[in-house]
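**Q** structure here, sequence nowhere to be found:
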């Protein structure tokens, strides 16, 4: 795991409710989700984020409903 000088600031603004070792280390979080064909929880509105469905399909579905 990388040492991130912005971790505390990132944690203060992080909207993800899932607990993991990458929380607050945004570059590692994004890289992990990207490798799995997903998006991080912070991309989703709160009600969708809580489902833990990070798929791009879910993101598009949720965001189309918000337009």
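**A** Now that the structure is in, tell me what you want to look at. Keep in mind that what you see is a predicted model, and the values were worked out from it rather than measured. Numbering: from 1, shown residues only.
**Q** and the gap between the spatially closest residue to residue 50 that is not a sequence neighbour and residue 5?
**A** Excluding its sequence neighbours, the residue lying closest to residue 50 (CB to CB, 6 or more residues apart in numbering) is residue 17, at 5.9 Å. C-beta here means a position set from N, CA and C on the backbone, and glycine is covered the same way. According to CB to CB, to the nearest Å, residue 17 stands 24 Å off from residue 5.
**Q** go on, residue 25?
**A** Counting by CB to CB, the gap from residue 25 to residue 5 is 10 Å.
**Q** what's the answer for residue 26, then?
**A** 12 Å.
**Q** and what of residue 29?
**A** With CB to CB as the criterion, residue 29 and residue 5 are 16 Å apart.
**Q** higher neighbour count, the two?
**A** A count of neighbours by other CB atoms under 10 Å puts residue 29 above the other of residue 29 and residue 5, at 21 against 6.
**Q** report the contact partners of the more buried one.
**A** 16, 20, 22, 23, 40 (CB atoms under 8 Å, 6 or more residues apart in numbering).
**Q** and the least confident of those?
**A** Minimum pLDDT across the contacts of residue 29 is recorded for residue 20, with 90.
**Q** ok, that one - how many residues close by?
**A** 12.
**Q** and what of residue 55?
**A** Here the number of neighbours of residue 55 (other CB under 10 Å) works out to 12.
**Q** what do you get for the one 10 residues further on?
**A** If you count neighbours by other CB under 10 Å, residue 65 ends up with 9.
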